Each structure stands twice: as structure tokens, then as C-alpha cells.
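Undergrad: Provide a 3D model corresponding to the input given below.
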Amino acid sequence: MKKIDLNKSVYELTEEYPELIDILNELGFLGVKNPIVRKTLGRATTIPQGCKRQGKDLNEVISKLKEKGFEIIS
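TA: All right, here's what the predicted structure looks like:
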């Protein structure tokens, strides 16, 4: 099973699991499809931080990631 450590940056996670780019984009994470944004802001942002900045419910994001076959580690 693919594991997502919520302490890792969005950049690290999308490098490890490129399919996350489309999933996070579907969830409304602005800029995640842009490689420059991922390499800059994504290096300094975790999924929980991104949720807070963009007004997303972290529990909904976690549920969606689980539906897509990821195990969440926090």
C-alpha cells in the first residue's frame, strides 16, 4: 500500500507518487499541476498546511486519499 506521511512536503509526496498531482488538483489544491509552484511552495507546504491555507477540510482530503488506496501516516 502507498503511504502518505502528512509531515512530508507536497513536493516530496508528488515526487514519490506522481498520481497525487491529479488527485490533489481534483481536491482543489491550487497550483499543484504547475511544476514551478510544486518545486517552490510545494517544498515548504505539507498537505495539512495546504488545507488550512486553502480552506479545505483535512478529514475530507484524508478520506479521498484513502479511497484512492493510500495509507495515511501522521
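
Undergrad: State the distance from residue 52 to residue 61.
TA: In this view, residue 52 and residue 61 are 11 Å apart by Cβ to Cβ, to the nearest Å. For glycine as for every other residue, the C-beta is placed from the backbone atoms N, C-alpha and C.

Undergrad: same deal with residue 6?
TA: 10 Å.

Undergrad: who has more neighbours, residue 52 and residue 61?
TA: Counted by other Cβ atoms under 10 Å, residue 52 and residue 61 do not tie: residue 61 has more neighbours, with 21 against 12.

Undergrad: For the one helix or strand the more buried one maps to, give the mean pLDDT please.
TA: Using DSSP states H and E, residue 61 falls within helix 58-67. This predicted structure assigns helix 58-67 an average pLDDT of 97.

Undergrad: Whichever helix or strand comes after it: how far from the chain's middle?
TA: Downstream of helix 58-67, the next assigned helix or strand under DSSP H and E is strand 70-73. Counting by Cα atoms, centre = their mean, to the nearest Å, strand 70-73 is centred 11 Å from the centre of its parent chain.
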